[in-house]
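Undergrad: Give the three-dimensional model of this entry:
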Amino acid sequence: MGWTVGLESYRVMATHGYYEHELEQEQPYVISLWADITGAVPTAGEISATVDYALLQKIIDEEIVSGPPAKLMEEMCHRLIERLQPISQVKSVRVRIEKPEAPLPHEGGLPVVEMQWQS
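TA: Residues are numbered from 1 along each chain as shown. Now for the predicted structure:
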(Lines give C-alpha, C1' and ligand atoms only; values in the text may rest on other atoms or scores of the structure.)
Protein backbone atom coordinates (compact mmCIF):
# COMPACT_ATOMS: atom_id res chain seq x y z
CA MET A 1 0.00 0.00 0.00
CA GLY A 2 1.23 3.49 -0.67
CA TRP A 3 0.18 7.12 -0.41
CA THR A 4 1.64 10.60 -0.78
CA VAL A 5 2.05 13.26 1.88
CA GLY A 6 2.77 16.75 0.62
CA LEU A 7 2.94 20.44 1.26
CA GLU A 8 2.06 22.51 -1.80
CA SER A 9 2.72 26.14 -2.67
CA TYR A 10 4.47 27.05 0.56
CA ARG A 11 5.73 30.61 0.05
CA VAL A 12 8.89 31.64 1.89
CA MET A 13 11.32 34.54 1.75
CA ALA A 14 15.00 33.69 1.49
CA THR A 15 18.36 34.81 0.12
CA HIS A 16 19.59 32.41 -2.55
CA GLY A 17 20.84 32.98 -6.04
CA TYR A 18 23.66 33.04 -8.51
CA TYR A 19 24.07 36.81 -8.53
CA GLU A 20 25.49 38.74 -5.58
CA HIS A 21 22.47 41.07 -5.34
CA GLU A 22 20.20 38.02 -4.83
CA LEU A 23 22.11 37.22 -1.64
CA GLU A 24 21.65 40.73 -0.24
CA GLN A 25 17.86 40.96 -0.23
CA GLU A 26 15.24 38.29 0.43
CA GLN A 27 13.09 37.17 -2.46
CA PRO A 28 10.09 34.84 -2.61
CA TYR A 29 10.25 31.14 -3.32
CA VAL A 30 7.21 28.91 -3.67
CA ILE A 31 7.96 25.34 -2.68
CA SER A 32 5.99 22.14 -3.10
CA LEU A 33 7.34 18.98 -1.49
CA TRP A 34 5.82 15.49 -1.74
CA ALA A 35 6.90 12.23 -0.11
CA ASP A 36 5.60 8.86 -1.31
CA ILE A 37 5.10 6.52 1.62
CA THR A 38 4.78 2.73 1.69
CA GLY A 39 3.67 0.38 4.41
CA ALA A 40 0.55 -0.37 6.38
CA VAL A 41 -1.97 2.46 6.35
CA PRO A 42 -1.89 4.21 9.73
CA THR A 43 -5.50 3.61 10.76
CA ALA A 44 -5.04 4.05 14.52
CA GLY A 45 -3.52 7.52 14.44
CA GLU A 46 0.02 6.18 14.15
CA ILE A 47 1.84 9.24 12.86
CA SER A 48 5.13 7.32 13.04
CA ALA A 49 3.87 5.17 10.13
CA THR A 50 3.68 8.19 7.85
CA VAL A 51 5.37 11.57 7.40
CA ASP A 52 3.80 14.49 9.20
CA TYR A 53 3.21 17.31 6.71
CA ALA A 54 4.28 19.72 9.46
CA LEU A 55 7.69 18.04 9.22
CA LEU A 56 7.81 18.98 5.53
CA GLN A 57 7.23 22.62 6.42
CA LYS A 58 9.88 22.46 9.15
CA ILE A 59 12.44 20.97 6.74
CA ILE A 60 11.76 23.73 4.21
CA ASP A 61 12.14 26.38 6.91
CA GLU A 62 15.43 24.90 8.13
CA GLU A 63 16.99 24.32 4.72
CA ILE A 64 15.63 27.17 2.60
CA VAL A 65 14.76 29.97 5.00
CA SER A 66 17.46 29.49 7.65
CA GLY A 67 20.03 27.40 5.76
CA PRO A 68 23.10 28.64 3.95
CA PRO A 69 22.64 30.38 0.60
CA ALA A 70 22.56 28.21 -2.51
CA LYS A 71 23.57 29.51 -5.91
CA LEU A 72 21.17 27.21 -7.78
CA MET A 73 17.64 26.02 -7.08
CA GLU A 74 18.85 22.51 -7.97
CA GLU A 75 21.00 22.60 -4.83
CA MET A 76 18.00 23.73 -2.79
CA CYS A 77 15.93 20.81 -4.12
CA HIS A 78 18.73 18.38 -3.32
CA ARG A 79 18.96 19.59 0.28
CA LEU A 80 15.25 18.95 0.83
CA ILE A 81 15.45 15.48 -0.67
CA GLU A 82 18.48 14.59 1.46
CA ARG A 83 16.51 15.40 4.60
CA LEU A 84 13.73 12.93 3.69
CA GLN A 85 15.86 10.08 2.31
CA PRO A 86 16.75 8.59 5.73
CA ILE A 87 13.10 8.13 6.73
CA SER A 88 12.52 4.41 6.19
CA GLN A 89 8.92 4.61 4.99
CA VAL A 90 9.75 7.30 2.37
CA LYS A 91 10.16 5.62 -1.01
CA SER A 92 10.35 8.68 -3.24
CA VAL A 93 10.42 12.46 -2.95
CA ARG A 94 9.46 15.14 -5.43
CA VAL A 95 10.30 18.82 -5.03
CA ARG A 96 9.24 21.85 -7.06
CA ILE A 97 10.71 25.27 -6.38
CA GLU A 98 9.37 28.36 -8.11
CA LYS A 99 11.21 31.67 -8.12
CA PRO A 100 8.61 34.25 -9.19
CA GLU A 101 10.93 37.25 -8.94
CA ALA A 102 14.00 35.72 -10.58
CA PRO A 103 16.10 38.12 -12.64
CA LEU A 104 15.06 37.48 -16.25
CA PRO A 105 15.92 39.51 -19.37
CA HIS A 106 12.28 40.67 -19.63
CA GLU A 107 8.87 39.99 -18.06
CA GLY A 108 7.13 36.69 -18.62
CA GLY A 109 7.52 33.12 -17.47
CA LEU A 110 7.92 31.46 -14.12
CA PRO A 111 11.33 29.95 -13.37
CA VAL A 112 11.00 26.51 -11.77
CA VAL A 113 13.17 23.55 -10.91
CA GLU A 114 11.75 20.12 -10.13
CA MET A 115 13.71 17.18 -8.81
CA GLN A 116 12.73 13.65 -7.92
CA TRP A 117 14.42 10.91 -5.94
CA GLN A 118 13.33 7.29 -5.69
CA SER A 119 14.80 4.55 -3.52
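Undergrad: Please, which helix or strand holds Cys77?
TA: helix 73-84 (DSSP states H and E).
Undergrad: tally of neighbours for Leu80?
TA: Leu80 has 23 neighbours, counted by other Cβ atoms under 10 Å. Where C-beta positions appear, they are placed from N, C-alpha and C, glycine not excepted.
Undergrad: Can you tell me how far the residue located most distally from the centre of the chain is from Thr50?
TA: The C-alpha centroid of the chain is most remote from Ala44, which lies 28.3 Å away (Cα atoms, centre = their mean). Computed as Cβ to Cβ, to the nearest Å, the Ala44 to Thr50 distance reads 12 Å.
Undergrad: do the same with Val5
TA: To Thr50, Val5 is 6 Å away according to Cβ to Cβ.
Undergrad: Need the residues touching each of those two.
TA: Here Val5 and Thr50 have Ile37 as joint contacts, going by Cβ atoms under 8 Å, 6 or more residues apart in numbering.
Undergrad: got the contact list for the helix holding Cys77?
TA: Residues from elsewhere that reach helix 73-84, judged by Cβ under 8 Å, 6+ apart: 16, 29, 31, 33, 35, 51, 59-60, 62-64, 67, 70, 90, 93, 95, 97, 99, 111-115, 117.
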